[in-house]
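Student: I would like the atomic coordinates for the input below:
(one chain, ligands or ions: 2)
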Amino acid sequence: MDSRTAAHVLRRIAAYLELNGENRFKTRAYLGAAKGLLAVGADDLKPLYESGELASVRGLGPATLAVVRDLVETGESRYLEQLRESMPEGLLEMLDLPALSPAKIRLIHQELGIETIEDLEAAARDGRLAKLPKFGPKTAEKILRGIATARDRGAMRLYYHVVVDARNLLNSVRSHPRVVRAEIAGAIRRRLETVEEIEIVAACDGDPVEVAQSWTRVPGVRRADGSGASVSITFADGAHLRLHCVRPSQFGAAWWLATGNTDHVRGVVERLAARGVTAAGDGFTGADGRALALSEETAVYDAAGMSFVEAELREGLGEVEAGARGALPSLIDRGDIRGALHCHSIYSDGKASIADMARAARERGWSYIGITDHSQSAFYAGGLSRERVIAQLGEIDELNEASDGFRILKGIEADILADGRLDYPDEILDRFDFVVGSIHSRLSMDRAAMTERLLTALDDPHLTILAHPTGRLLLSRPPYDVDLDAIFEKARDVGAAIELNADPHRLDLDWRHLHRAKSLGIVVEIGPDAHSTAGLDYMEIGVGIARKAWLEPRDVLNAWPVEQVLSFARARRGR
Ligand SMILES: [Zn+2]
Ligand SMILES: [Zn+2]
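Tutor: Ligands and ions are numbered 1, 2, ... in the order given. Okay, here's the model as predicted:
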């Protein structure tokens, strides 16, 4: 019994308990134990169990340890089986739908006898669901949308979650005695916001087929396909791994092939073909019919007579042509970031004080932070009253006076009200260094009304940055319908910036649209939307997305020195 499978069983128990209406402490104990086991990352838990070491793993207590003992000794959990008998599988699937809490699923089950997603869909359509207490036509509609989104996404997961899994798998591939080099490829390397499978390329000292096949037999594998040097593996917890094993001389070619999307690969292969180089299996054959040694990726681009294309750009958005002309952008890097401009503190719904947020920003090598708590109408998030705004501005002045060099900027995340006005009178807005404006309510307006609302907001010269411009939540809430071209045009004309919200659940504005915004000359702010000091690290994910959008340091507001940021906001106000 391996850690991964055991953690998966513990998480399922937690889900069943929640559906059974058990108290949250009990549920949390199982989730905590799952986390602890994953951190141990053992291929076989038996020795740890027998030596007693398991009892000291963080998060494991008597009840969860008993489950693990069962798993180690028998390969299954009686407790899970017992719970399963009391709960139809379909109810667990419903846990993944956004509008349904476990309590609601329980109610639906008890009152309407619903046990499958299909039954649920029917009840949402024929009005039975809307009649339940605490339900209504809106909830029923949300559930229908959730079902549609769930079907749409299939096995998609957030980059942010998958990348952790991918790094763990990469470490175990690298620890194989016959593997001399291994790297992550595919969608994760391109830093796509959602990912279906983990792709790893490994250079082997020895027969690649043998190494690949040895992975189909590692603990935790539920299913494995492929009899050659490339295998596709599904683990017990549903994670997908595609592993390509090659000889070291072919590593660069294989890594390159497994990274770019189809359009990118096709574009480069066409250029190679024009030079007499053709694809053959995991490698390439030269004009003379001999296999080319392509141990490094750069050799592929050299052979195609073009510059090296960074992995994030390999999406078929014109990068092959730009690479041939030597006109690729010099992409922004983590080290180019000088500050963060969208951050919350304990004044609204953040978890850290302004001083702590500033310290954490400084530790990340930045020279400024903008504090942007929620405005007054965001009562759900502790939005700031006029008095609290004034208290906060005073605190920032004091902190700045005591600081040498590092600067805290006075900002606010002002709600854009339904009519497009910002949530404070001018007299308050005038006191901030800059204003982030965003929509948090009335998200279902139609396209014309939503566009009008945002255009009106952009008419207010106080608004420096339009934050999370489409309101999407990846894999759970689609973007609202809005005429982005009209928004871009307006933002450019008035000198406002557009946000790339770096919260891994948002990554809004989408990089495909940002790519277009850049070509129009719009300034982009990468906002971590941090609600804690740890949240500042979302910046890293945002930078990955910015790279996908071809952004360079000069395109990004928070890659500029603080004085330039302030004059950007002032210039906007002066217009
Ligand atoms: Zn927001
Ligand atoms: Zn925010």
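
Student: isn't Leu520 right up against Ile487?
Tutor: No: the criterion here is CB atoms under 8 Å, and Leu520 misses it with Ile487 at 10.7 Å. Every C-beta, even on glycine, is put in place using the N, C-alpha and C of the backbone.

Student: the two: who's more crowded?
Tutor: More crowded of Leu520 and Ile487, by other CB atoms under 10 Å: Ile487, with 25 against 12.

Student: quick check: next helix or strand after the host helix or strand of that one?
Tutor: Using DSSP states H and E, Ile487 sits in helix 484-494. The element immediately downstream of helix 484-494 (helix or strand, assigned by DSSP H and E) is strand 497-501.

Student: might you calculate how far that following strand sits from the centre of the chain?
Tutor: 16 Å (CA atoms, centre = their mean, to the nearest Å).

Student: is it positioned near ligand 2?
Tutor: No: if you take CB under 5 Å from the ion as the test, strand 497-501 misses ligand 2, and the best it gets is 7.8 Å.

Student: all helices for the stretch 1-150 of the chain, in order.
Tutor: Along the stretch 1-150 of the chain, counting by DSSP state H, counting those that start in this stretch, helices occupy 3-19, 24-40, 46-51, 62-74, 78-86, 89-94, 102-112, 117-125, 137-153.

Student: then the stretch 151-300 of the chain?
Tutor: Going by DSSP H, counting those that start in this stretch, the stretch 151-300 of the chain shows helices at 159-174, 186-189, 208-215, 251-257, 262-274, 297-303.

Student: from these, which stretch is densest packed?
Tutor: helix 251-257 (a mean of 26; mean count of other CB atoms under 10 Å).

Student: what is that helix packed up against?
Tutor: Under the contact criterion of 3 or more CB pairs under 8 Å, 6 or more residues apart in numbering; DSSP states H and E, helix 251-257 touches strand 179-185, strand 198-204, strand 283-285, helix 297-303.

Student: closest to Arg431 out of the ones you listed?
Tutor: Nearest of the helices and strands packed on helix 251-257 to Arg431, taken as CB to CB: strand 179-185 at 46.9 Å.

Student: who in this structure is up against ligand 2?
Tutor: Residues of the chain lying near ligand 2 (CB under 5 Å from the ion): Glu413, Asp529.

Student: for the spatially most central residue of the chain, what are its contacts?
Tutor: Closest to where the C-alpha atoms of the chain average out (CA atoms, centre = their mean) is Pro504, at 3.2 Å. By CB atoms under 8 Å, 6 or more residues apart in numbering, the contact list for Pro504 reads Leu158, Tyr159, Tyr160, Glu193, Leu474, Tyr538, Ile541.

Student: which of the helices of the stretch 1-150 of the chain sits most buried?
Tutor: Of all the helices of the stretch 1-150 of the chain, helix 3-19 has the most neighbours on average by mean count of other CB under 10 Å, namely a mean of 23.

Student: now do that helix: which elements does it pack against?
Tutor: Secondary-structure packing of helix 3-19 (3+ CB pairs under 8 Å, 6+ apart): helix 24-40, helix 62-74, helix 78-86, helix 89-94, helix 102-112.

Student: got JSON lines for these, with mean pLDDT too?
Tutor: Below are the helices and strands packed on helix 3-19 laid out as JSON lines (pLDDT from 0 to 100):
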{"stretch": "helix 24-40", "mean pLDDT": "91"}
{"stretch": "helix 62-74", "mean pLDDT": "91"}
{"stretch": "helix 78-86", "mean pLDDT": "80"}
{"stretch": "helix 89-94", "mean pLDDT": "78"}
{"stretch": "helix 102-112", "mean pLDDT": "87"}
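
Student: out of those helices, which gets nearest to Asp404?
Tutor: Comparing the helices and strands packed on helix 3-19 by CB to CB, helix 24-40 comes nearest, at 39.1 Å.

Student: keep only those of the contacts of Pro504 that are in strands.
Tutor: If you go by DSSP state E, the contacts of Pro504 have Leu158 in strands.

Student: for Leu317, helix, strand, or coil?
Tutor: With DSSP: H, G, I helix; E, B strand; the rest coil as the basis, Leu317 sits in coil.

Student: show the model's pLDDT score for Pro98.
Tutor: At Pro98, the model reports a pLDDT of 69.

Student: check Pro137 too.
Tutor: pLDDT, Pro137: 86.

Student: for the one 5 residues further on, same thing?
Tutor: With respect to pLDDT, Lys142 has a value of 85.

Student: how close does it get to Gly32?
Tutor: The spacing between Lys142 and Gly32, counted by CB to CB, to the nearest Å, is 30 Å.

Student: stretch 305-314: end-to-end distance?
Tutor: One end of stretch 305-314 sits 16 Å from the other (CA to CA, to the nearest Å).

Student: now swap in stretch 300-320 and tell me
Tutor: Chord length of stretch 300-320, first to last residue, is 13 Å (CA to CA).

Student: which neighbouring elements make contact with the helix or strand encompassing Thr451?
Tutor: Following DSSP H and E, one finds Thr451 within helix 447-459. Here helix 447-459 touches strand 463-466, helix 484-494, going by 3+ CB pairs under 8 Å, 6+ apart.
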